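Visitor: A predicted structure for the sequence below; I have some questions about it.
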Amino acid sequence: MSTPYKLLITTLSALAMAAVSSNNLAATTSIDFDGTGAPCCFASTSPLTNLYSGQGVTFSGGNGSGGSILSQSGGFGFNARSGSDFLAFNTSVGTGSIQVISFANLATNVSIWANSAFGDQFIMQAFDTNNGLLDTSIVAVAQGWQELAVSGTGIAFVQVSAGNSYWAYDDLSFNDDRQQSVPEPGSLALVGLGLAAFALRKRQSA
């Protein structure tokens, strides 16, 4: 096999590996609210704020202190969706009905699961850096966990809200907007075709 073709095969193999790697980069950050030794009642905990800042997300209350991580043994009437803990709310202790979730880097897809023993309507809204509304998701919880999911380019924060006395969220996930700038496999294929044409010209002129 001639040297130009050996170089071409080696380069195309590298491009194929890069295409696979680019897809892997679009990983989702997931937070299940477990592993903190959460108590069973609000009196023994504090609002969730910067606990997950290292993973690129912070929490704040919209019309109260916001939610706290509690154990499912606290008498909410349902278990956590995963593990044993969840992000819990009780308006009678000042959590408010709104949680604001802000991202250190702009996100593209955000989802979280909601549940209430009494049934409820949950709303998640996605906003950009100028507070412009990008997307809205609404679910009616009758029994069991239901997923709220929003998407858009440049999500700076989401706001989740409910109207009942107490409820919980679990299993937050989001994608970093910067991951969308990775070259697509189709673009890499065009580069490969260009290299193939270059190698053919070199062979014909030899």
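Guide: Sure thing, it's come through.
Visitor: what residues are bridge-paired with the residue sitting nearest the centre point of the chain?
Guide: Closest to where the C-alpha atoms of the chain average out (C-alpha atoms, centre = their mean) is residue 174, at 0.9 Å. Beta bridges link residue 174 to residue 29, residue 110, judged by DSSP bridges.
Visitor: next one: it from residue 159, what distance?
Guide: Distance from residue 174 to residue 159, counting by C-beta to C-beta, to the nearest Å: 14 Å. In this view, the C-beta of every residue, glycine as well, is placed from N, C-alpha and C.
Visitor: would you state the strands of this protein in chain order?
Guide: 29-31, 57-61, 68-71, 85-90, 98-115, 120-127, 133-141, 146-161, 166-176 (DSSP state E).
Visitor: report the contact partners of residue 87.
Guide: Counting by C-beta atoms under 8 Å, 6 or more residues apart in numbering, residue 87 makes contact with 33, 48, 67-69, 99, 168-170, 172.
Visitor: kindly recompute the last result at 10 Å.
Guide: By C-beta atoms under 10 Å, 6 or more residues apart in numbering, the contact set of residue 87 is 31-33, 38, 48, 59, 66-70, 80, 95, 99, 101, 112, 114, 160, 167-172.
Visitor: from these, which would you call buried?
Guide: 31-33, 38, 48, 59, 66-70, 80, 95, 99, 101, 112, 114, 160, 167-172 (16 or more other C-beta atoms under 10 Å).
Visitor: pLDDT weak spots in this structure?
Guide: Within the chain, the segments meeting pLDDT under 70 span 1-26, 179-206.
Visitor: ok, 80 please
Guide: 1-27, 142-143, 164, 177-206 (pLDDT under 80).
Visitor: distance of the residue nearest to residue 31 when sequence neighbours are not counted from residue 85?
Guide: Leaving out its chain neighbours, the residue that sits closest to residue 31 by C-beta to C-beta, 6 or more residues apart in numbering is residue 172, at 4.5 Å. Per C-beta to C-beta, residue 172 is found 13 Å from residue 85.
Visitor: mutual contacts of the two, please.
Guide: 32-33.
Visitor: please state the offset of stretch 157-174 from the chain centre?
Guide: 13 Å (C-alpha atoms, centre = their mean, to the nearest Å).
Visitor: check stretch 34-46 too.
Guide: Mean-position distance between stretch 34-46 and its chain equals 23 Å (C-alpha atoms, centre = their mean).
Visitor: how about stretch 115-130 as CSV, C-alpha atoms only?
Guide: Presented in CSV, the C-alpha positions along stretch 115-130 are these (Å, rounded to 0.1, in the frame of the first residue of the first chain):
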residue,chain,number,x,y,z
ASN,A,115,-44.2,14.0,43.0
SER,A,116,-46.9,14.9,45.5
ALA,A,117,-49.0,12.6,47.8
PHE,A,118,-52.0,14.8,47.1
GLY,A,119,-51.6,15.3,43.4
ASP,A,120,-50.6,18.6,42.0
GLN,A,121,-49.8,20.6,38.8
PHE,A,122,-46.1,21.2,38.4
ILE,A,123,-44.6,23.9,36.1
MET,A,124,-41.0,24.3,34.9
GLN,A,125,-40.0,27.3,32.9
ALA,A,126,-36.6,27.9,31.2
PHE,A,127,-35.1,31.4,30.9
ASP,A,128,-32.1,33.0,29.2
THR,A,129,-29.7,35.5,30.6
ASN,A,130,-32.1,38.3,29.8
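Visitor: I appreciate the help and will end here.
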